[in-house]
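J.: Starting from these lines, generate the structure:
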Amino acid sequence: MSEDPKRTLTDGSPVPSDGSHRALKPNGQQRGYVVLSAEERAKGFVRPLRFAYVHVGRPLPPNLRDLTEAEAKQYAAYGYVKYEAYGPDRSPTVGRFWTQPELDRSTGGCLATTTMSLPLAETYARDPKFYGGTFCCACREHLPLEEFVWEGTQQRLGN
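T.: Predicted structure coming up:
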């Protein structure tokens, strides 16, 4: 059984020390999910209580920018639409050009909405960094939080 009374499974039962709750069911979900205990969740939330998130895919690189007029003209034949500088400490001429199809493939989210139970939603609201990944109901797999936004927002899970 679990040594941490602050964590339980979604049904309130103790977290099995053997990890058996992580076994996958045919639909890709785990047999059980760890949440903060009801007592911990009752202490209040630091984020809004939300029940659904959307699989939008990985975020685009942070140093992505529109092309200058000169770049757009020079590279028009290649279909480039964005430029990614490889870090602030490097020359602005060191980086990579992106086409729209490359950008679309890079993000890769299926855009499906996944809903969750109250204990899971309350755990996210109480401690946004509690989880490192979450489940996509359409992809039927667990993926990094950075691939999801809260439904109706642009806010990534875990932030």
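J.: the strands in this structure, which residues?
T.: For the chain, strands defined by DSSP state E occupy the ranges 7-9, 34-36, 52-55, 64-66, 80-85, 95-99, 113-115, 133-136, 141-144, 148-150.
J.: Which residue ranges make up the domains of this protein?
T.: Split into domains by automatic domain parsing, the chain comes to 7-57+108-150, 64-107.
J.: Please state the offset of the least confident helix or strand in the chain by mean pLDDT from the chain centre?
T.: Of all regular secondary-structure elements in the chain, judged by mean pLDDT, DSSP states H and E, the least confident is helix 100-107 with a mean of 79. Counting by C-alpha atoms, centre = their mean, to the nearest Å, helix 100-107 is centred 18 Å from the centre of its parent chain.
J.: any idea which of the strands of the chain is most buried?
T.: The highest mean neighbour count among the strands of the chain, using mean count of other C-beta atoms under 10 Å, belongs to strand 34-36: a mean of 24. In short, each C-beta sits where N, CA and C put it, glycine included.
J.: Do I have it right that V35 meets K6?
T.: No: assessed by C-beta atoms under 8 Å, V35 is found out of contact with K6, at 10.0 Å.
J.: F135 reaches T114, doesn't it?
T.: Yes: using C-beta under 8 Å as the test, F135 is close enough to T114 to be in contact (6.3 Å).
J.: Give the residues shared as contacts by those two.
T.: When contacts are counted by C-beta atoms under 8 Å, 6 or more residues apart in numbering, F135 and T114 are jointly contacted by no residue.
J.: Can you identify each of the helices in this protein by residue range?
T.: Counting by DSSP state H, the chain forms helices over residues 38-41, 69-74, 100-107, 118-126, given from the N-terminal end onward.
J.: got JSON lines for the ones you listed, with distance to L49 and mean neighbour count too?
T.: Written out in JSON lines, the entries for these read as follows (distance: least, C-beta to C-beta, whole Å; neighbours: other C-beta atoms under 10 Å):
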{"stretch": "helix 38-41", "distance to L49": "10", "mean neighbour count": "15"}
{"stretch": "helix 69-74", "distance to L49": "45", "mean neighbour count": "11"}
{"stretch": "helix 100-107", "distance to L49": "27", "mean neighbour count": "12"}
{"stretch": "helix 118-126", "distance to L49": "5", "mean neighbour count": "20"}
